[in-house]
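A.B. asks: turn this into a model:
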Amino acid sequence: MNLLPLYHRLPVHLRAAAASLRGYQLQWWRYGPGSERLVVEALDRETWTKVQWDKWQQERLTYILNRAATQVPYYRDYWKKRQLEGHRSEWENLANWPILEKETIRSQPLQFLAEDANPRRMFYEHTSGTTGKPLDLWFSRRTVQASYALMEARWRRWHGVNRHTRWAIFGGQLVTPARQRKPPFWIWNQGLKQLYFSSYHLAPDLIPHYVEALHSFQPEYLVGYTSSLYAVAIEVLRSGLSLPTLRVAVTNAEPVYDYQRQAIADAFHCPVRETYGMCENVVNASECEAGSLHLWPDASVLEVVEGTEPVAPGRSGEFIGTGLLNLDMPLIRYRVGDRGAFPQNQTPCRCGRSLPVLATVEGRNDDVLYTPNGTRIGRLDPVFKANLPIREAQIIQTHLNRFTVRYVPVGSLTASDAQLLVSRLQERLGEVQVTLEALADIPRTGNGKFRAVICNLPALDIERLQQGNHVRYKRGSKD
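C.D. replies: Okay, here's the model as predicted:
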């Protein structure tokens, strides 16, 4: 049931109450009496030697592999089949496990839950990630709190802030109707001490309202999609507006390019720190004050491969991750869908931490879309978070007011499903024309990448929009 239209009809104070109730619920899941101890332990591990890390990882990995092979139906069936084919029990060695594809999990998610896990008592997440492919995930409260303790340590404490201070976020939740043209374009979540900004209203003429809200609420730090923070930054710098000084701006979900980093730092008067991760929790990394992107070896084991073979440090390859936190839904040798590289030499970082470093994270270089009023939309994955019968989807913009959604159906897409998909897009993009196109397969790029978003607007129109000048199309125009 889609409750978003009902939420949007509520007065602002009731929307804030609803958001705060959800915030208190998330706070209960994410933090508990042992959270501070977990944070301190995570910070203490950051000075371990490589020998200490190897020993810790191997003990943890051995436990997870044995649990998966004996108590998780999908993996247990795989190893039973191997034994019937005459192979000995080889699961103690990670290299002997097959690479796991997202489609395998998507088609039979409950087969990845351990038999002693009760999904009704676990945190459930239905996510499309960055590929447009929906995925069902479950986490115990213990797993959620372990994960958020690492985030507290390495997203916040590294930069002098913590979860108890006021903060702001630009994310993918539709906290305000997309058609709304008057503030507020944000909602206060008391449960998380969080000012949640809409990423769907960042038109140049509306950004001054965001600036006023930042001055009013005075958050200590900011988290958000790179494209959203950059949209605010370039308008602030162009128009001469001033922003309150923050301790740090933390980017997530999208790569950070040098020109974006510089603009965000100049506008917000603070360092910009990149993070890398995904809901599946099979690879995590965060940037330290010295500018290195450190892996979290207490959360996952990362392999960089080409095909099935590991590549040499310094060479780019596919990310294959094995999570070490989720004991109840272990994902082993999971193909992340991103590419990157280890450095040729793991030299000590100037920050003093012994956590290994990633040389590059290429990620998926999805395009930014534009609404008719000039708003930049960097991500639209929440559109596909409903349980729609869609295997994967791609959004293509051909004109300011025209979009095509290519999708690969699972079964048939009903009229109500189609209407839900179109309405979700229009809630975020405004009154635009949306064409749905069913395909047997969505073409990949030359290097095998999937692009969830493609912008085919003329370069001149994009330049005008970036300068804050609206490009107008006549209704029905094909130009």
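
A.B. asks: same for the longest strand that the chain contains, what does it pack against?
C.D. replies: The longest strand of the chain (DSSP state E) is strand 390-399. Here strand 390-399 is seen to pack against strand 369-370, strand 402-409, strand 453-455 when contacts are counted using 3 or more Cβ pairs under 8 Å, 6 or more residues apart in numbering; DSSP states H and E. For glycine as for every other residue, the C-beta is placed from the backbone atoms N, C-alpha and C.

A.B. asks: am I right that residue 27 is in a helix?
C.D. replies: Yes - residue assignment for residue 27, taken from DSSP: H, G, I helix; E, B strand; the rest coil, places it within a helix.

A.B. asks: contacts only, for it.
C.D. replies: For residue 27, the contacting residues are 191-192, by Cβ atoms under 8 Å, 6 or more residues apart in numbering.

A.B. asks: quick one: the residue with the largest distance to the centre of the chain from residue 74, how far?
C.D. replies: Residue distances from the centre of the chain (Cα atoms, centre = their mean) peak at residue 86, which lies 41.6 Å from the mean C-alpha position. When distances are taken as Cβ to Cβ, to the nearest Å, residue 86 and residue 74 turn out to be 21 Å apart.

A.B. asks: the longest strand of the chain to strand 402-409, inter-axis angle?
C.D. replies: Using axes from the mean of the first three to the mean of the last three Cα atoms, to 10 degrees, one finds that strand 390-399 and strand 402-409 are set 160 degrees apart in direction.

A.B. asks: show me what strand 390-399 pairs with in its sheet, parallel or antiparallel.
C.D. replies: Strands flanking strand 390-399 in the sheet, each with its direction: strand 402-409 (antiparallel), strand 453-455 (parallel) (DSSP bridges).

A.B. asks: quick check, pLDDT for residue 362.
C.D. replies: Residue 362 carries a pLDDT score of 73 in this model.

A.B. asks: and it, how many neighbours?
C.D. replies: Using other Cβ atoms under 10 Å as the criterion, residue 362 is surrounded by 16 other residues.

A.B. asks: residues contacting it?
C.D. replies: Under the criterion of Cβ under 8 Å, 6+ apart, the contact partners of residue 362 comprise 255, 316, 338-340.

A.B. asks: for this protein, which segments count as helices?
C.D. replies: For the chain, the helices defined by DSSP state H cover 4-9, 12-30, 35-45, 50-71, 73-84, 102-107, 141-151, 207-217, 226-239, 258-268, 415-429, 459-466.

A.B. asks: minimum distance to residue 185: which of these has it?
C.D. replies: The minimum distance between residue 185 and these falls on helix 207-217, with 6.4 Å, by Cβ to Cβ.

A.B. asks: contacts for that closest one?
C.D. replies: The contact list for helix 207-217, computed with Cβ under 8 Å, 6+ apart, reads 166, 168, 183-186, 188, 195, 197, 202, 231-232, 235-236, 239, 241-244.

A.B. asks: tell me which of those fall in strands.
C.D. replies: Cross-referencing the contacts of helix 207-217 against strands under DSSP E gives 168, 186, 188, 195, 197.

A.B. asks: show me the shaky parts of this structure.
C.D. replies: Regions of the chain meeting the criterion pLDDT under 70 cover residues 1-2, 87-89, 128-133, 363-367, 378-379, 381-382, 385-387, 444-450, 460-479.

A.B. asks: now do the domain split for the protein, please.
C.D. replies: Listed by automatic domain parsing, the domain ranges of the chain are 31-100+118-165+220-279, 369-466.

A.B. asks: export those domains to JSON lines and append columns for distance to residue 361.
C.D. replies: What follows is the domains of the chain, written out as JSON lines (distance: least, Cβ to Cβ, whole Å):
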{"stretch": "domain 31-100+118-165+220-279", "distance to residue 361": "5"}
{"stretch": "domain 369-466", "distance to residue 361": "14"}
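
A.B. asks: quick one: closest of those to residue 174.
C.D. replies: The nearest among the domains of the chain, by Cβ to Cβ, is domain 369-466 at 5.9 Å.

A.B. asks: coming back round to it: the helices of the chain: which one's closest to residue 251?
C.D. replies: Taking Cβ to Cβ as the criterion, helix 226-239 is the member of the helices of the chain that comes nearest to residue 251, at 4.5 Å.

A.B. asks: between that closest one and strand 194-198, how many degrees?
C.D. replies: Here the directions of helix 226-239 and strand 194-198 differ by 80 degrees (the same axes, to 10 degrees).

A.B. asks: what does helix 226-239 rub up against?
C.D. replies: Residues lying outside helix 226-239 but in contact with it, judged by Cβ under 8 Å, 6+ apart, are 170, 197, 199, 202, 204, 207-208, 210-211, 222, 241-243, 249, 251, 253-257, 260, 263-264, 266-268, 272, 368, 375-379, 466-468.
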